[in-house]
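[1] A predicted structure for the sequence below; I have some questions about it.
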Amino acid sequence: MPSTNSGWWLVTKQELRVARADGTLLWSVAGAALFAVLLAGGVGSFTAADWTGPDTIRLFGPLLLLVVPVTAASNAYSAISGPRQSGRLRVPLSLPFSRTDVVYGTAIGRFVATASPVVALVAVALPFALTRPEMTNTLVAALGITLAGVVLTAAFCGVAVGWSAATRTPTRALLGCIAVGALCVRWWLPVDIVRYVAAGFAWPSTPRPDWLSFYGHLSPVDAYLSVLRATGFPGAGGGNGFVGVAVLLAWAVVPVVLGAARFRRADL
């Protein structure tokens, strides 16, 4: 049967129903809120008077960079490939949903479920931070880290769902997510390998050419830090928040589109 325009939305709602029913959404939001109370409240109790509200909010910047990729990948890497391997995917596909509806709806549902604790973390920490000096800067910092955390979540959920749709088993999808994570840690390694081979299997003595500088900005880690720096977070160099958001959104969308294209042609 042909897909309806609301097929992806029905899949999204089903994903969120499952997250609520099994307690995943509740416990993740509650855990994030509790951690925010302990960290932000503890900072407010044990820091000196010159500790500001933005200082409290900025504590969550490195934390999200460490936690969000792992959480997003673990929540989404088996979203399509798991039901596909077990045969449960035939149930939604027997309804008036296309394969694209299933992939897009699953991606959005997993993103919302994974981003909710990020929003809760900042929302619960914000009242504690507002008790410190620099209230306006505190609000700007909170908005900045919320935006950066949400689009970072979207990026890694997109990567995980994309791999899950493109592969037959959760193991392969997980390995793909690990490969992307390793690439983010050593982002320039592929470029350096190409330069090594081009130089006759010897490390070039000259620095990387300036025209390759754009490549560094394609990293989701660099994009996340750019968004934070654009809203006043300290760091080396400036930050173009619009470019950072655009790069992270590209990481969120492109893998899902590619995975959906592969999934449409797959033999289930």
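    Ah, there it is.

[2] mind saving the C-alpha coords of the lowest-mean-pLDDT helix or strand in the chain as PDB?
    Confidence across the helices and strands of the chain bottoms out at helix 90-93, with a mean of 74, counting by mean pLDDT, DSSP states H and E. Only the C-alpha atoms of helix 90-93 are listed here, as PDB (Å, rounded to 0.1, in the frame of the first residue of the first chain):
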ATOM      1  CA  ARG A  90       7.800  -7.000   9.200                       C
ATOM      2  CA  VAL A  91       5.100  -5.700  11.600                       C
ATOM      3  CA  PRO A  92       5.400  -2.000  10.900                       C
ATOM      4  CA  LEU A  93       6.200  -2.600   7.200                       C
END
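
[3] What residues of that helix count as buried?
    Neighbour counts over helix 90-93 (16 or more other C-beta atoms under 10 Å) mark Pro92 as buried. In this view, the C-beta of every residue, glycine as well, is placed from N, C-alpha and C.

[4] Now stretch 227-246: average pLDDT?
    For stretch 227-246, the mean pLDDT works out to 81.

[5] Endpoints of that stretch, how far apart?
    10 Å (C-alpha to C-alpha, to the nearest Å).

[6] Any idea how far that stretch is from the middle of the chain?
    Distance, stretch centre to chain centre, for stretch 227-246: 17 Å (C-alpha atoms, centre = their mean, to the nearest Å).

[7] any residues touching that stretch, and which ones?
    Applying C-beta atoms under 8 Å, 6 or more residues apart in numbering, the set of residues contacting stretch 227-246 from outside is 54, 58, 61, 137, 140-141, 143-145, 147-148, 151, 217, 222-226, 248.

[8] Skipping its backbone neighbours, what lies nearest the residue sitting nearest the centre point of the chain in space?
    The centre of the chain sits closest to Thr153, judged by C-alpha atoms, centre = their mean, with a distance of 2.3 Å. The shortest distance from Thr153 to any non-neighbouring residue, by C-beta to C-beta, 6 or more residues apart in numbering, is to Ala115 (4.5 Å).
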